[in-house]
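K.L.:
Let me see the structure of the following:
(one chain, ligands or ions: 1)
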Amino acid sequence: MTKIAIIGPGAVGGTIAHDLLPTFTHLTLVGRQSQTITYTESTAPNTETIINVTAIDEFKDPVDILFIAVKIPQLDAVIQKSPNFIHEDTIIILAQNGTGQLSRIPHKHVFQAVVYISGQKRQQHITHFRDHQLILQNSPSTQQLQQLFSNTQLDITLVEDIDQSIWYKLLVNLAINTVTALSRQTAQVLKVEGIQTLCERLLQEGVKIAQAEGVIFHQDVISEIMTIYQGYPDHMGTSMYYDIIEGKPLEIAGIQGFLYQVARKHQLATPTLDTVYPLLSAQQQ
Ligand code: NAP
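P.N.:
Residues are numbered from 1 along each chain as shown. Presented below is the predicted three-dimensional model:
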C-alpha cells in the first residue's frame, strides 16, 4: 500500500491528484486549509470531479511519495512542515517551473520535475487545459515511480539528462514570462514593435548562461522557441502575467533571478537580463 501526498491543491497538484486518485486510495491532496476543490477538463466543462483537500497543519502522516506543487515563493513554508510527512525513504518530486530550488530540500531522494501540465486555478476550481506529463531524471527511484503510475493518466517520462530538459523549459519561460509580466499584457504583447527582439536577446543570453553551465543547445533553439511563442493565441497569459495582475509573488527566484545569479558566477555579460531582472524584482517591493 503506497502512501502518496501532493502538497499544493492548484492547477498542477490538482491535476496530479485527479490522475492518481482512481488507482491510489491512500492519496492525500494537502492545502493551506481543509476544503473541497473541483476539477474540470476544458474539453468537458460539464463534467466535474470533486477532490478533498486536507489542511497542511492537520497532515502528520509520513508518505512514500510526496509531490510538492506549490509556487516557488510558497516553497519555504512547505519545507518547514515537511518533516511531518516524510520518512527516510520518501521520494520527493518537486513539480515546479524554474530551477535552483532543489538544494533547499534536505532529503536523500528528491527530484526536480519538468512540468508539462497546463491548467488554471480560480478560487476552488481547477480547469485543466492540456498535458499530464512530468519529466524526471532516469534513476532506480524514478523507474519505480514510472512503473507504479504506468496505469494512470499521469505520464512519467524519464530522461538521461534532466538538466537539458530543465534548461529548455527555463528558456521557454524566460522571455515570454518576462515580457508578459513587465508589460502586464497577454501574448498579444509579442505584436508590439521591439518585443520579439527583446525576447530573442533574452534567449541569446539564456543560451549563453546554459552553455557556461555545460548545457549545450542546438543552434536553432532560439528560432524554435520564437516559433513556439508565435503559436500562442493573443489572449493567452503566462503564470507570471497572472501572478503580477493578481498581486501575487512572482517565481523570479527560479527563472530570471536564478539565471542572473549564474551569469554573475560566470562573469557573463547579460545586459538584457540585467535590465529586466531588477525591474521584475522592483514589482515585488
Ligand atoms: P497554483 O494553481 O497557484 O497552486 C499552488 C497551490 O499551492 C495553491 O492552491 C496554493 O494555495 C497552495 N499552497 C500555497 N502555499 C501552501 C502551503 N504552505 N501549504 C499547502 N498548500 C499551499 O500553482 P500551479 O499553477 O499549480 O503551479 C505550481 C508550479 O507548477 C509552479 O511552479 C508553476 O510555475 C508550475 N507550472 C504551472 C503550470 C500551469 O499551467 N499552471 C504549468 C507548468 C508549470 P493558495 O491558492 O491558498 O495560495
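K.L.:
Secondary structure element holding the closest residue to residue 62 other than its chain neighbours?
P.N.:
Nearest residue to residue 62 in three dimensions, chain neighbours excluded: residue 87, at 4.3 Å (Cβ to Cβ, 6 or more residues apart in numbering). From N, CA and C alone the C-beta is placed, and that goes for glycine too. Assigned by DSSP states H and E, residue 87 belongs to strand 86-95.
K.L.:
Report the buried residues of that strand.
P.N.:
86, 90-95 (16 or more other Cβ atoms under 10 Å).
K.L.:
what helices or strands is that strand leaning on?
P.N.:
When contacts are defined as 3 or more Cβ pairs under 8 Å, 6 or more residues apart in numbering; DSSP states H and E, strand 86-95 sits against helix 11-20, strand 63-68, strand 110-122, strand 125-137, helix 140-148.
K.L.:
Could I get the full set of strands for the stretch 151-285 of the chain?
P.N.:
Using DSSP state E, counting those that start in this stretch, the strands of the stretch 151-285 of the chain run over residues 155-159.
K.L.:
thought residue 62 was touching residue 92?
P.N.:
No. Judged on Cβ atoms under 8 Å, residue 62 makes no contact with residue 92 at a distance of 11.8 Å.
K.L.:
Report the contact partners of the closest residue to the ligand within the stretch 151-285 of the chain.
P.N.:
For the stretch 151-285 of the chain, the residue closest to the ligand is residue 239, as judged by Cβ to the nearest ligand atom, at 4.7 Å. Contacts here follow Cβ atoms under 8 Å, 6 or more residues apart in numbering; on that basis residue 239 touches 71, 97, 177, 251.
K.L.:
How far off centre is the strand holding residue 87?
P.N.:
In terms of Cα atoms, centre = their mean, to the nearest Å, the centre of strand 86-95 is found 17 Å from the chain centre.
K.L.:
That one pairs with which strands, parallel or anti?
P.N.:
strand 63-68 (parallel), strand 110-122 (parallel) (DSSP bridges).
K.L.:
Give me the pLDDT value at the residue of the stretch 151-285 of the chain closest to the ligand.
P.N.:
On pLDDT, residue 239 comes in at 93.
K.L.:
Could I get the CA-only coordinates of the helix ranked longest in the chain as CSV?
P.N.:
Using DSSP state H, we find that the single longest helix of the chain is helix 162-183. Listed in CSV are the C-alpha atoms of helix 162-183, where the atom choice follows Å, rounded to 0.1, in the frame of the first residue of the first chain:
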residue,chain,number,x,y,z
ILE,A,162,17.4,16.2,-16.9
ASP,A,163,19.4,19.4,-17.0
GLN,A,164,18.8,19.6,-20.7
SER,A,165,15.0,19.4,-20.1
ILE,A,166,15.1,21.8,-17.2
TRP,A,167,17.1,24.4,-19.1
TYR,A,168,14.9,24.1,-22.2
LYS,A,169,11.8,24.8,-20.2
LEU,A,170,13.6,27.6,-18.3
LEU,A,171,14.5,29.3,-21.7
VAL,A,172,10.9,28.9,-22.9
ASN,A,173,9.7,30.5,-19.6
LEU,A,174,12.4,33.2,-19.5
ALA,A,175,11.4,35.5,-22.4
ILE,A,176,7.6,35.1,-22.6
ASN,A,177,7.1,35.3,-18.8
THR,A,178,9.3,38.4,-18.6
VAL,A,179,7.6,40.4,-21.4
THR,A,180,4.0,39.5,-20.4
ALA,A,181,4.7,40.3,-16.7
LEU,A,182,6.5,43.5,-17.2
SER,A,183,4.0,44.8,-19.8
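K.L.:
Going by neighbour count, list what's buried in it.
P.N.:
162-182.
K.L.:
now swap in stretch 57-73 and tell me
P.N.:
By 16+ other Cβ under 10 Å, the buried positions in stretch 57-73 come out as 59, 63-73.
K.L.:
Next, the distance between the ends of that stretch.
P.N.:
This stretch, stretch 57-73, spans 19 Å end to end (Cα to Cα, to the nearest Å).
K.L.:
Distance from the chain centre to that stretch, please.
P.N.:
For stretch 57-73, the distance to the chain centre is 15 Å (Cα atoms, centre = their mean).
K.L.:
same question, stretch 163-179
P.N.:
Using Cα atoms, centre = their mean, the offset of stretch 163-179 from its chain centre is 11 Å.
K.L.:
now check it, is it near the ligand?
P.N.:
No. If you take Cβ under 6 Å from any ligand atom as the test, stretch 163-179 misses the ligand, and the best it gets is 7.8 Å.
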